[in-house]
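Peer 1: coordinates only, sequence not included:
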């Protein structure tokens, strides 16, 4: 089934069930007021939500038209947002750009960082930055929303905790990354609100695009309506979601509603921008710039500036968006 | 007024008003089921809670006996836990111990890290660690719980957002700190669940112990019932809570219910352990060990091990605990 959280003036929004084709929705308010409530009692409530979803998809229920701009983030505020680094290709490219760390890349255990989760952006919310000059970048990622995970889980426990899958835009202020990392306390100012697709799907809904550990779908990204990248999230994912969850729970439990990100999706290739229709490209600007620096001696692709737009969607085999699209425009605080 | 969250079998617990002397409580359930709900509508609900508090303290209402073990963390799961580094003395001591960073200490802007907030421990919850050998430490801190803060707030806006004050134990696995920091993504595995005192107080309740920016109270810490430290949180706080909030909101808003920590309270002195009754000592083990290394060539004070206990409380001028005590015992996962 597919779920979404619609704006209703409340901080946690209104839980709805969305049709498989993303065209219609029906309120799930009689089952759970919001998604966190559903996740808190998933064993009891998920079967009821599934029944509602079936009724919706078979046309057996009155539904209303669904549009992305009605949606907030699935969890507009979450108790935890952990971002992993599943795709080593991203790390390799970005770290050489930033010169931030020359430590050997860890290929045995994934890197994770604790992200801010108190206000997550909806799919059409603007990206609001305090200044123009912060080297604003996007990062297209796959994200999983979890049930409870015990400390030191086995792989099966970790896999069984994956309740919902979607995509997100981990907005990054590259100019502040170096400062954050040099401070030694990790990302903070460089990672403002992450944005999420309008719809989340249960793993069973994804069919063979989901193998229990990763999503095999192209993540298509446009910047100002020009194709920027379309790496496949199922390719070159060195650490899959089960790896990421096991690592995240090494010294602690994870509460229900924890969101964990795949890291920027990155496929290995030698292309630079612009790419053709059959190219792969990049799911963030920093990677494109690294490749340009190596190839041309300087970066050509600019970071995002006020008024720019970024659009991203995960596509199924019919090139239809699975979770709807994230479409954000950049604006400067107070302007 | 003083508030607490009692266990009721639900993840967010039950909001209660606690008497000034911490002896009695009355349910606040008719006003708000839990503390986050109260924080979401603070302007409306705080006056009602204050009236209930006055009725309780004047004996005008039937009350029940309050004990620390009934309490969960004030927000058993929070949307945000940010820990600052307000006391440079702590940073100076700990960083020389860990050899983690030789970057110049920032004395112009406070360091902050994003902590996990999905499961915060109550005052008598055990500290559960997955292994004995992780160099388990405590950190006694003051914490503020906030209302909404806009991006780039002025100092007055930041100060006005402080809703509640309490203390916490920022549990740290020192053996993992170096790894976390060398990874370059910041604290993650080294910072399992933070524990909180049983009671939170509004700033007005603190009288002249609270100057709008910091708490002037001794933070008394015992390890296995031996006095370990009693630094005054009002002394040597280089960055006060207003500084920390302004810094935290540099590139983002802070949602209501954000908890921000002072960092380990540390007063400058030349003592080593054991301290006398009039000594100052330390609010974490790592600092004591650094001083010992400098003085004796090696650290003498061990980190916490299974079965050890740590107790901490902030004391008023009559040496009474303001927020009750955090009393935790260490246990190993599955034992």
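Peer 2: Thanks, I have it. Worth saying up front: this structure is predicted, and the values here are computed from it rather than measured. Residues are numbered from 1 along each chain as shown, chains lettered A, B, ... in the order given.
Peer 1: tell me which residue in the stretch 101-250 of chain A sits closest to chain B.
Peer 2: residue A:186 (1.1 Å; Cβ to the nearest Cβ). To be clear about C-beta, it is placed using only N, CA and C from the backbone, and glycine gets the same treatment.
Peer 1: distance of the nearest residue to that residue once chain neighbours are set aside from residue B:165?
Peer 2: Excluding the flanking residues, the one nearest residue A:186 by Cβ to Cβ, 6 or more residues apart in numbering or on different chains is residue B:186, at 1.1 Å. Separation of residue B:186 from residue B:165 (Cβ to Cβ, to the nearest Å): 26 Å.
Peer 1: circling back: so what's the residue count around the residue nearest to residue A:186?
Peer 2: Applying other Cβ atoms under 10 Å in any protein chain shown, we find 25 other residues in the vicinity of residue B:186.
Peer 1: now it, what are its backbone angles?
Peer 2: Backbone geometry at residue B:186, expressed as degrees, to the nearest 10, gives phi 90, psi -180.
Peer 1: what residues are up against it?
Peer 2: A:113-114, A:180-181, A:184-188, B:113-114, B:180 (Cβ atoms under 8 Å, 6 or more residues apart in numbering or on different chains).
Peer 1: can we see that at 7 Å?
Peer 2: A:113-114, A:185-187, B:113, B:180 (Cβ atoms under 7 Å, 6 or more residues apart in numbering or on different chains).
Peer 1: repeat that for residue A:33.
Peer 2: By Cβ under 7 Å, 6+ apart, the contact list for residue A:33 reads residue A:15.
Peer 1: does it belong to a helix, a strand or coil?
Peer 2: coil (DSSP: H, G, I helix; E, B strand; the rest coil).
Peer 1: chain B contacts on the stretch 201-335 of chain A?
Peer 2: For the stretch 201-335 of chain A, the residues in contact with chain B (Cβ under 7 Å from any Cβ of the partner chain) are A:250-255, A:258, A:333.
Peer 1: return the member of the residues you listed nearest to residue B:159.
Peer 2: Closest to residue B:159 out of these is residue A:333 (20.6 Å), distances taken as Cβ to Cβ.
Peer 1: distance between the ends of stretch A:293-310?
Peer 2: 23 Å (Cα to Cα, to the nearest Å).
Peer 1: list of residues touching it?
Peer 2: Against stretch A:293-310 from outside (Cβ under 7 Å, 6+ apart): A:97, A:132, A:135-138, A:169, A:174, A:221, A:223-224, A:272-273, A:285, A:288-289, A:292, A:327-332.
Peer 1: check those for burial and list the buried ones.
Peer 2: Buried by 16 or more other Cβ atoms under 10 Å in any protein chain shown: A:97, A:135-138, A:169, A:174, A:221, A:223, A:272-273, A:285, A:288-289, A:292, A:327-330, out of the contacts of stretch A:293-310.
Peer 1: inside strands: which ones of those?
Peer 2: Counting by DSSP state E, those place A:136-137, A:169, A:221, A:223, A:327-330 in strands.
Peer 1: so can I have CSV of these showing pLDDT?
Peer 2: Shown next, in CSV, are those (pLDDT from 0 to 100):
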residue, pLDDT
A:136, 97
A:137, 98
A:169, 98
A:221, 98
A:223, 98
A:327, 98
A:328, 98
A:329, 98
A:330, 98
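Peer 1: which of the residues of the stretch 201-335 of chain A next to chain B tops the neighbour count?
Peer 2: That'd be residue A:258 among those, by other Cβ under 10 Å, with 29 neighbours.
Peer 1: mind listing what the nearest residue to that residue once chain neighbours are set aside touches?
Peer 2: Spatial nearest neighbour of residue A:258, chain neighbours left out: residue A:80 (4.1 Å); criterion: Cβ to Cβ, 6+ apart. Contacts for residue A:80 (Cβ under 7 Å, 6+ apart) come out as A:117, A:254-255, A:258-259, B:116-118.
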